[in-house]
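Here's a sequence, model it:
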Amino acid sequence: MERIIINGFFAKGNCGDEAILQAWYDMLSPYYRIVASVDSDLLVNNYYKKFEFYSKIDIIQNRRVDIFCREDIRGYIVGGGGLGLGFGVEQLLHAKLRNKKRMYLGTVIHDEFFDGDDSFIELNRQILNTFDIISLRDKYSKENIKRYFNIDGYFFPDIAFLLEKKEIEIKLEGDYIVVVIRDNGDNDKESIKKWLDKITIYANENNLKVMYIPFDKTDEFLMRELNLEILYDEIYWKPKEVKYLISKSKITFTLGRFHPLIFSISSGITTYFINCQKQDGEWRYTKEGKDKSYQLLNDFGLIDNYLTNNDLDVDFKICNKVKNISNDIKDEMSKFENMVINYLTK
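Numbers count the residues shown, from 1 in each chain. This next block holds a predicted model:
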């Protein structure tokens with residue numbers, strides 16, 4: 001069987017990135033064997049091997065290039081979220097040298113790509129022109145790639161919208177909400193506590209329990225530091241189960257994490273993104289640009305569900321139009337899947 005190499009931030013136990021990889025696997029594995037190109041340091045302890053999913057795929061270091069000499073390598077995808085700025089450029093060059101199909105899919109072109117001098121912009125233009133197909137996961141990126149690089153790209157939502165659900169026993173009795181808190185390394189804990197208090201009041205007023213779900217190990221550490229109860233150990237390695245838990249919630253709140261938005265919207269569940277933490281990534285954005293969560297909600301007409309510390313007086317509400325949005329996204333993702341498979345197989 002021919003193989004497809006997918007370069008991304010995989011095998012780290014980040015639920016969003018694991019969701020991306022598993023969505024790619026479900027899409028492409030009927031036709032190809034999947035090779036995940038990952039951070040070389042992750043191969044030292046092979047921790048990921050204890051999770052069943054990784055027995056189904058191959059793992060290589062993201063600086064390995066000799067593999068592109070093999071005839072069974074069909075194509076190379078940079079497709080693990082917000083990648084770019086030369087991430088995987090060594091493999092990209094060798095994929096081109098060996099005439100492999102090259103795709104930049106489900107990623108973004110935000111301000112860090114063009115907030116530089118002419119030579120910097122030209123370098124990124126040349127890298128992006130090396131790909132045969134480019135699809136961006138928000139409309140802002142599609143506008144940027146045309147405006148700054150004169151390159152046409154497709155707009156399709158994040159590949160994780162295709163992630164399937166896997167049923168898991170729900171340990172909470174009765175209706176519940178889901179809360180995700182991102183540890184960004186420099187947390188504004190006082191603001192986080194204020195939002196948690198507000199969310200708890202909302203839950204109590206509506207007779208709802210609260211399920212806290214970490215999206216990686218650092219989130220788990222932060223939640224335990226805040227004395228929050230975590231019901232499922234290492235659940236972040238199992239994105240299909242996480243999506244199932246979110247799909248059964250009444251509403252989801254994510255304090256800083258991106259992919260809970262996708263799990264919620266694709267399940268027709270109301271979701272709020274709360275930007276209440278110190279902005280370790282603020283340098284990425286100009287006045288014109290906003291973070292990826294803002295762009296996602298803006299694309300689907302849900303910008304009122306993007307909150308900051310200035311919105312602590314907001315009244316949380318169930319958004320009925322999310323179900324219609326989720327149906328529209330299914331149609332778009334079906335087109336995306338057909339585009340990728342048709343290109344690879346032609």
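
quick one: secondary structure of I6?
Secondary structure assignment for I6 (DSSP: H, G, I helix; E, B strand; the rest coil): strand.

my bad, I199
Relying on three-state DSSP, one would call I199 helix.

Might one say that it is in contact with M211?
No. In this structure, I199 is not within contact of M211 by C-beta atoms under 8 Å, at 11.6 Å. The way it works is simple: take the backbone N, C-alpha and C, and place the C-beta from them, glycine included.

Find residues that contact each of these two.
I177, V179 (C-beta atoms under 8 Å, 6 or more residues apart in numbering).

For this protein, which segments count as strands?
For the chain, applying DSSP state E gives strands covering 3-7, 33-38, 58-61, 73-78, 101-107, 133-136, 154-155, 176-181, 209-212, 252-255, 271-275, 306-308.

what's the closest of those to Q22?
strand 33-38 (9.8 Å; C-beta to C-beta).

Check which helices and strands the closest one sits against.
Where contact means 3 or more C-beta pairs under 8 Å, 6 or more residues apart in numbering; DSSP states H and E, strand 33-38 is packed against strand 3-7, helix 15-28, strand 58-61.

which one of those lies closest to P239?
Closest to P239 of the helices and strands packed on strand 33-38 is helix 15-28 (C-beta to C-beta; 3.7 Å).

list the helices and strands that closest one packs on?
Looks like helix 15-28 contacts strand 3-7, strand 33-38, helix 239-247, helix 259-265, helix 321-345 (3+ C-beta pairs under 8 Å, 6+ apart).

most tightly surrounded among the ones you listed?
helix 259-265 (a mean of 28; mean count of other C-beta atoms under 10 Å).

Mind exporting the C-alpha coordinates of that one to PDB?
Taking C-alpha atoms only, helix 259-265 is exported to PDB below (Å, rounded to 0.1, in the frame of the first residue of the first chain):
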ATOM      1  CA  HIS A 259     -10.400  22.800  19.300                       C
ATOM      2  CA  PRO A 260     -13.200  22.600  21.900                       C
ATOM      3  CA  LEU A 261     -14.900  25.100  19.600                       C
ATOM      4  CA  ILE A 262     -14.700  22.700  16.700                       C
ATOM      5  CA  PHE A 263     -15.900  19.700  18.800                       C
ATOM      6  CA  SER A 264     -18.900  21.700  20.000                       C
ATOM      7  CA  ILE A 265     -19.900  23.400  16.700                       C
END
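
can you give me how far that helix is from the chain middle?
Remark: helix 259-265 is offset 9 Å from the chain centroid, using C-alpha atoms, centre = their mean, to the nearest Å.

which residues touch that helix?
Outside of helix 259-265, the residues within contact range by C-beta under 8 Å, 6+ apart are 15-16, 19, 157-158, 160-161, 163, 178, 180, 213, 215, 239, 242-243, 246-247, 249, 252, 254, 270-271, 273, 293, 296-297, 300, 302, 322, 325-326, 329.

Near V65, how many other residues are there?
If you count neighbours by other C-beta atoms under 10 Å, V65 ends up with 16.

whoops, I mixed them up, E167
That count, for E167 with other C-beta under 10 Å as the rule, works out to 11.

my guess is it meets L245, correct?
No. Counting by C-beta under 8 Å, E167 sits too far from L245 to count as a contact (9.8 Å).

so how far is D313 from the residue of the chain most remote from its centre?
Centroid-distance maximum for the chain: E205 at 32.0 Å, with C-alpha atoms, centre = their mean. Remark: distance between E205 and D313 (C-beta to C-beta, to the nearest Å) = 15 Å.

cool, I134 as well?
42 Å.

neighbour count winner among those two?
Using other C-beta under 10 Å as the criterion, I134 and D313 rank with I134 on top: 22 against 6.

With adjacent residues omitted, what lies nearest to that one?
G153 (4.1 Å; C-beta to C-beta, 6 or more residues apart in numbering).

likewise A95?
Y76 is the one closest to A95 (C-beta to C-beta, 6+ apart), at 3.9 Å.

For that neighbour, name its beta-bridge partners.
Counting by DSSP bridges, Y76 forms beta bridges with I5, R102.

I figured it hits N7, correct?
Yes. Y76 lies in contact with N7 (C-beta under 8 Å); the separation is 7.2 Å.

Find residues that contact each of those two.
Counting by C-beta under 8 Å, 6+ apart, the contacts common to Y76 and N7 are Q91.

quick one on the thing from earlier: would CSV of the helices and strands packed on helix 15-28 with distance to R147 and mean pLDDT be doable?
Output for the helices and strands packed on helix 15-28, formatted as CSV (distance: least, C-beta to C-beta, whole Å; pLDDT from 0 to 100):
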stretch, distance to R147, mean pLDDT
strand 3-7, 26, 97
strand 33-38, 30, 95
helix 239-247, 33, 98
helix 259-265, 25, 97
helix 321-345, 23, 92
